[in-house]
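Predicted structure and sequence below. I'll ask about it afterward.
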Amino acid sequence: LWFTTKKKMVASVQAAHGGSGGSGSGSSNSIAALDCLKGSDVAVSGSHDGYLRFWEVKTGPTAQERGLQALDTVPLHGYVNGLALGPDARFCVAAVGQEPRLGRWNRVPNAKNRIAIVKLRPDEAKEENNKNDDEEEEANPHEDMNNDNDDEEEEE
């Protein structure tokens with residue numbers, strides 16, 4: 001986490017995407033893609049470990065109140081090369097491939113070059129339609145039963 005006005009690091013997460021994080025071991029999973037939702041405290045990162053990681057960004061007034069808190073992970077198979085959060089954080093688009101976009105190291109076998117769209121929360125319009133349907137059913141729960149009885153009376 002960087003403080004842009006002072007141009008210095010405020011907080012970091014060691015081995016955020018797994019690995020030992022030690023120097024010279026080569027086993028640390030470096031972050032290859034990062035995005036944040038404008039006007040919120042949510043950020044998402046990706047690496048070749050096969051996970052999108054969601055973070056809460058804490059930007060308090062003191063050094064103790066600043067940092068990154070892990071929120072959730074979403075599994076993907078492949079090297080995450082690019083990320084974009086959709087409007088209102090309804091979805092996240094991830095560019096996933098076998099290799100990093102700027103090199104040919106850390107190849108992920110059996111991964112496919114693709115775009116993954118991860119739904120983060122339900123579509124509000126669909127939720128509202130479902131809610132309206134539920135309200136109509138609650139308003140007249142015996143409507144179908146009444147219609148069935150009418151059909152039987154006509155047959156007689």
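Sure thing, it's come through. Residues are numbered from 1 along each chain as shown.

Tell me where the protein has strands.
2-3, 8-9, 33-36, 42-46, 51-59, 66-75, 79-85, 91-97, 114-119 (DSSP state E).

if you compare those strands, which one is most tucked away?
strand 42-46 (a mean of 22; mean count of other C-beta atoms under 10 Å). C-beta: built from backbone N, CA, C; applies to glycine.

how far does it sit from the chain's center?
8 Å (C-alpha atoms, centre = their mean, to the nearest Å).

Tell me which residues are up against it.
16-17, 31-37, 52-57, 68, 71, 76, 80-83, 85, 89, 92, 94 (C-beta atoms under 8 Å, 6 or more residues apart in numbering).

rewinding a little: quick one, which of the strands of the chain gets closest to residue 107.
Nearest to residue 107 among these is strand 79-85; the distance by C-beta to C-beta comes to 8.0 Å.

re the thing from before, okay, the strands of the chain in TSV with distance to residue 103 and mean pLDDT next?
As requested, the strands of the chain are exported to TSV (distance: least, C-beta to C-beta, whole Å; pLDDT from 0 to 100):
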stretch	distance to residue 103	mean pLDDT
strand 2-3	24	72
strand 8-9	25	79
strand 33-36	14	89
strand 42-46	16	90
strand 51-59	20	89
strand 66-75	23	89
strand 79-85	10	92
strand 91-97	11	93
strand 114-119	19	93
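
Alright, I will stop here.
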